[in-house]
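Peer 1: No sequence on hand, only this structure:
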């Protein structure tokens with residue numbers, strides 16, 4: 001009787017999905033696991049960077065990049081948004097940013113939003129909003145971080161989102177996730193790079 005109950009429980013728990021990471025990717029995945037889950041070999045870029053086609057893409061983003069360490073697996077995930085056409089007031093950029101922040105807050109709780117213009121900037125009128133973003137004198141970003149070395153589900157330590165301008169009438173949103181191993185993995189990668197000298 002006990003064996004039957006244990007068997008049934010094992011079967012039931014095997015159907016409960018694990019936490020699905022951002023875009024279907026999990027921190028710690030090896031290059032081989034990423035290749036398998038994405039259905040194709042990631043495109044190698046510089047260092048530990050790979051361009052991937054994730055299993056669960058989001059309609060607002062078009063490019064996905066991961067950093068994969070031989071020791072730690074995936075430790076960084078970045079999604080780069082599609083180009084958003086907007087006015088000089090940046091309303092469409094702001095709306096897209098707010099929509100994604102709201103979605104992230106459903107999964108990770110309240111983030112800290114930074115929306116400010118650098119002191120002394122000449123681009124301080126409402127119709128200068130996109131120009132100030134383009135000149136990197138305005139910042140629109142949000143961050144999620146745990147205190148005391150705690151992590152979010154999926155071994156995520158930090159999440160950041162920002163708005164960037166391409167022109168005074170177009171821009172995009174970028175979203176980044178860092179694992180709790182990201183610092184150690186970056187140090188490991190730097191040692192490899194430094195060793196060539």
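Peer 2: Received the coordinates, thanks. Not measured: the values here are computed from a predicted model.

Peer 1: drop to CA atoms for contacts and neighbour counts, all remaining ones
Peer 2: Noted.

Peer 1: Figure out how far the top helix by length along the chain is from the centre of its chain.
Peer 2: Ranked by number of residues, the top helix in the chain under DSSP state H is helix 91-108. Taking Cα atoms, centre = their mean, to the nearest Å, one finds the center of helix 91-108 at 13 Å from the center of the full chain.

Peer 1: Next, the angle from the strand ranked longest in the chain to helix 91-108.
Peer 2: Across the chain, the longest stretch assigned as strand under DSSP state E is strand 156-167. Counting by axes from the mean of the first three to the mean of the last three Cα atoms, to 10 degrees, strand 156-167 lies at 170 degrees to helix 91-108.

Peer 1: quick one on the thing from earlier: measure how far the helix or strand following the longest helix of the chain is from the centre of its chain, please.
Peer 2: Counting by DSSP states H and E, the next helix or strand C-terminal to helix 91-108 is strand 112-117. Offset of strand 112-117 from its chain centre (Cα atoms, centre = their mean): 18 Å.

Peer 1: Show me what strand 112-117 packs onto, helices and strands only.
Peer 2: When contacts are defined as 3 or more Cα pairs under 8 Å, 6 or more residues apart in numbering; DSSP states H and E, strand 112-117 packs onto strand 138-145.

Peer 1: For the residue most central in space within the chain, which non-adjacent residue is closest in space?
Peer 2: In the chain, the centroid-proximal residue (Cα atoms, centre = their mean) is residue 176; its distance is 2.5 Å. Counting by Cα to Cα, 6 or more residues apart in numbering, residue 78 is the residue found nearest to residue 176 once chain neighbours are left out, at 4.4 Å.

Peer 1: Now the longest strand of the chain: buried residues?
Peer 2: Across strand 156-167, burial judged by 16 or more other Cα atoms under 10 Å covers 156-165.

Peer 1: So in that sheet, which strands flank whichever helix or strand comes after it, and in what orientation?
Peer 2: As assigned by DSSP H and E, the chain's next helix or strand after strand 156-167 is strand 170-179. Strand pairing for strand 170-179, determined by DSSP bridges: strand 73-81 (antiparallel), strand 84-85 (antiparallel), strand 156-167 (antiparallel).

Peer 1: Need the residues that contact the first one.
Peer 2: Strand 73-81 is contacted from outside by 22, 26-31, 60-69, 172-182, 185, using Cα atoms under 8 Å, 6 or more residues apart in numbering.

Peer 1: Kindly report the same for the longest one.
Peer 2: Contacting residues not belonging to strand 156-167 are listed as 27, 93-94, 97, 101, 130-131, 133-134, 139-146, 149-151, 171-180 [Cα under 8 Å, 6+ apart].
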